[in-house]
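S.K.: Just the structure for this:
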Amino acid sequence: MTPTEPRRSLAGSGAETGEEPSVSAPAFRLTARGLGRRFGRNWVFRGLDAELIAGAPTAILGPNGAGKSTLLSVLAGWAPATEGATEYQLADQPLAIENLYRETALAAPYLDLPDELSVAEVAAFQARLKPWRAGITGPGEVVSLARLDGPLAHRRVRDLSSGMRQRLRLALALYSGARLVLLDEPTANLDRAGVAWYLDLVAQTCTPERLVLVASNVAEEYAFCSRSLNIADFAVRR
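M.R.: Numbers count the residues shown, from 1 in each chain. Below you'll find the predicted structure:
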């Protein structure tokens, strides 16, 4: 059977969940044209056109196994697209793919942290790689905001609970100065207190100068998003 072409739509427009922000020149812009990713003969998605901008947090929706994490990796430039192209602009100027890493941060339950380092050492190490967002005084404040200060700051990452590690990942990503922040299943391993902490964190840090993408099928995780894109709309059906 010949695969049918996926339904095409202006990216990010998907199912709107709020009003479009009023911005004339977004601080960060990501544009995807005809994007597709294939493993072997199987297309994860194809024909994806997207214009995603700072100040318009966007949910990447779809069932488990649909390819949400794969799409995040392609949009961030970590995995190559099989076809199509992705362009980036920072302050209305082209941003080369080799410089994108400086503006990108990821929080995901599968993201490895250096197990042999303490919480404080991990935060200090990140500070050497990229700056914190405006208003953050240093790694000690990030550790405190992650609720990992005091004795926990000196505990090795490998000795943290899964929820503590996830809070550390989220704090490192959202308190960084990155303009493109990717959150993949952000509340995985968090208890109810941790979920409340996460929702307060995104309310503080999802600001107009950055683009936040949330891959999830849990509505609570992306309730703050003003736009959505369903990867099922770009599936190639056999």
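S.K.: Identify all contacting residues around stretch 73-90.
M.R.: Where contact means CB atoms under 8 Å, 6 or more residues apart in numbering, the residues beyond stretch 73-90 that reach it are 26-38, 43, 46, 48, 50, 52, 70, 94-95, 97, 100-101, 103-104, 106, 179-180, 182, 213. All C-beta atoms are positioned from the backbone trio N, CA, C, and that covers glycine.
S.K.: and if you look at stretch 33-47?
M.R.: With CB under 8 Å, 6+ apart, stretch 33-47 has contacts from 3, 5-6, 8, 48-50, 67, 70-71, 74, 79, 81-87, 231, 234-236.
S.K.: What subset of these is buried?
M.R.: Among the contacts of stretch 33-47, those classed as buried by 16 or more other CB atoms under 10 Å are 6, 48-50, 67, 70-71, 74, 81, 84, 86, 231, 234-236.
S.K.: and those, which of them are in helices?
M.R.: Assigned to helices by DSSP state H, the following of the buried ones among the contacts of stretch 33-47 qualify: Thr70, Leu71, Val74.
S.K.: Just name the closest of those residues to Tyr110, please.
M.R.: Set against Tyr110, the nearest of those by CB to CB is Thr70 (12.5 Å).
S.K.: pLDDT wise, what is that closest one at?
M.R.: pLDDT for Thr70: 96.
S.K.: Quick check: it vs Leu172, distance?
M.R.: Thr70 sits 23 Å away from Leu172, going by CB to CB, to the nearest Å.
S.K.: burial count for Gly138?
M.R.: By other CB atoms under 10 Å, 11 other residues sit near Gly138.
S.K.: same deal with the one 10 residues further on?
M.R.: Look at Leu148: counted by other CB under 10 Å, it has 24 neighbours.
S.K.: Hmm, it is touching Met164, no?
M.R.: Yes. Taking contacts as CB atoms under 8 Å, Leu148 lies within contact range of Met164: 6.3 Å.
S.K.: quick one: low-confidence parts of this structure?
M.R.: Regions of the chain meeting the criterion pLDDT under 70 cover residues 1-26, 238.
S.K.: which residues of it fall in strands?
M.R.: Counting by DSSP state E, the segments of the chain that form strands are 10-11, 28-39, 42-53, 58-61, 83-90, 93-94, 104-107, 180-184, 211-215, 227-230.
S.K.: any chance of the ones you listed in JSON lines, with distance to Ala124 too?
M.R.: Compiled in JSON lines, those are given as follows (distance: least, CB to CB, whole Å):
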{"stretch": "strand 10-11", "distance to Ala124": "38"}
{"stretch": "strand 28-39", "distance to Ala124": "26"}
{"stretch": "strand 42-53", "distance to Ala124": "32"}
{"stretch": "strand 58-61", "distance to Ala124": "32"}
{"stretch": "strand 83-90", "distance to Ala124": "26"}
{"stretch": "strand 93-94", "distance to Ala124": "31"}
{"stretch": "strand 104-107", "distance to Ala124": "16"}
{"stretch": "strand 180-184", "distance to Ala124": "21"}
{"stretch": "strand 211-215", "distance to Ala124": "25"}
{"stretch": "strand 227-230", "distance to Ala124": "35"}
